[in-house]
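Colleague: Structure for this input, please:
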Amino acid sequence: MTSQVDRSKVQPITDMRGEDDAETNELQAMLRAARDYMARFPWCAAIEEEHFGLGIGRVVGVFLFRIRPVGAIDEWLWVIVGDVPMAYLVTDRASSPTQALEVYCELMDDWIRAVRGSGDLHEAFPVSAMPTPANADSLEKRVEFLRKKVIPAFA
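Modeller: Prediction:
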C-alpha cells in the first residue's frame, strides 16, 4: 500500500535530536524499543526505513516505519512508544505524527472503556497491561496528558 503520510512532517532518524544530549539518548532508547516491538510480529520481515515524527524523552515517541511485510500487511506504519503502551497504527487515518497520536489516544480510549465495562475488550487494541480499573485510570491520565500538552505542542 502506498503511504498517505505527509513526509514533510517527519525527519530521518539521523536528524533526530532532543533538547539536549540526555533527551537525544532517551529518544534513541525509544527508537530501539520501537524496533524491538516491531520485530515481535511475524508479519514484519524487516524495517526498511525509519523516520522520526515527534517525541519527548521518556514520555512518548512517534516513529514512522516502512517495513518489508509478510502477507497482506501495510508497509507503512506509525509506532508509538514511551511511558505509554506500545502500539502500531496504519497510516490511513493519520498523515502526520500528531494525527497518529490522536488516533492512538482514540484506541487507548476504547481500551479504557472496555476495561470499565462499557465496551468489548476483544474489540479494543491489545494493551500490554492487566485490564484493571487502576490501569485504566493510569492510562486515562497519560492519554489526557498527550491530548492537552503533547499534541498541541507539536501541532
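
Colleague: Please name the strands paired to the longest strand along the chain in the sheet, noting orientation.
Modeller: Using DSSP state E, we find that the single longest strand of the chain is strand 44-56. If you go by DSSP bridges, strand 44-56 pairs up with strand 11-12 (antiparallel), strand 60-69 (antiparallel).

Colleague: got the buried residues for the last one?
Modeller: So that's strand 60-69. Buried residues in strand 60-69, counted by 16 or more other Cβ atoms under 10 Å: 60-67, 69. (Each C-beta comes from the backbone N, C-alpha and C, glycine too.)

Colleague: Out of the strands paired with strand 44-56, flag the one nearest residue 143.
Modeller: strand 60-69 (10.6 Å; Cβ to Cβ).

Colleague: who's in contact with that closest one?
Modeller: Under the contact criterion Cβ atoms under 8 Å, 6 or more residues apart in numbering, strand 60-69 has outside partners 3, 5, 10, 13, 27, 30-31, 33-34, 38, 43-55, 73, 75-84, 91, 97, 100-101, 146, 150.

Colleague: Could you rerun that using 7 Å?
Modeller: For strand 60-69, contacts defined as Cβ atoms under 7 Å, 6 or more residues apart in numbering pick out 5, 10, 27, 30-31, 34, 38, 43-55, 75-84, 97, 100-101, 146, 150.

Colleague: Lovely, talk soon.
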